[in-house]
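*Asks:* have a look; sequence and predicted model below, questions after that.
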Amino acid sequence: MEVAPAGAATSIALIPPREGEPVGIDTHVGFTTEDVDADHANLLARGVEVDAEVMRMGGPVPPMFFFRDPDGNRSLIVEQG
């Protein structure tokens, strides 16, 4: 489910955790961006723990990467198509 205030440019996708996954580690919080490579490089340069590379699965799946907060919780950044 994706939620946003009326007229907002930003939305939040709410996704339940997969069965057997510990809660609080994989947040299932995703953010969209227009330039996933620039955001990856920016976060990496700032010392944020990010995936080593942007994932590129091809086809209809957009480029994306995970990053982790200081507590190890994982969130996702996905390039908007």
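*Replies:* Nice, I can see it. The shown structure was predicted, so the numbers you read here are calculated from the model rather than taken from an experiment.

*Asks:* below-threshold pLDDT in this structure: ranges please.
*Replies:* Filtered on pLDDT under 70, the chain yields the residue ranges 15, 17, 22-24.

*Asks:* which strand runs longest in it?
*Replies:* strand 26-33 (DSSP state E).

*Asks:* now for it, which elements pack on it?
*Replies:* Packed against strand 26-33 by the contact rule (3 or more CB pairs under 8 Å, 6 or more residues apart in numbering; DSSP states H and E) you find strand 12-13, strand 74-79. (C-beta placed from N, C-alpha, C; glycine too.)

*Asks:* which one of the ones you listed lies closest to Thr33?
*Replies:* Across these, the minimum distance to Thr33, taken as CB to CB, is reached by strand 74-79, at 5.6 Å.

*Asks:* buried ones in the closest one, by neighbour count?
*Replies:* Buried residues in strand 74-79, counting neighbours by 16 or more other CB atoms under 10 Å, are found at 74, 76-79.

*Asks:* could you export those residues as a markdown table, including distance to Ala38?
*Replies:* Below are the buried residues of strand 74-79 laid out as a markdown table (distance: CB to CB, whole Å):
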| residue | distance to Ala38 |
| --- | --- |
| Arg74 | 20 |
| Leu76 | 16 |
| Ile77 | 11 |
| Val78 | 14 |
| Glu79 | 10 |
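
*Asks:* for the longest strand of the chain, what is the distance to the chain centroid?
*Replies:* Relative to its chain's centre, strand 26-33 lies at 3 Å (CA atoms, centre = their mean, to the nearest Å).

*Asks:* hmm, back to that, out of the buried residues of strand 74-79, which comes closest to Ala4?
*Replies:* The closest of the buried residues of strand 74-79 to Ala4 turns out to be Val78 (CB to CB; 15.8 Å).

*Asks:* out of everything not next to it in sequence, what's closest to Asp51?
*Replies:* Phe65 (4.4 Å; CB to CB, 6 or more residues apart in numbering).
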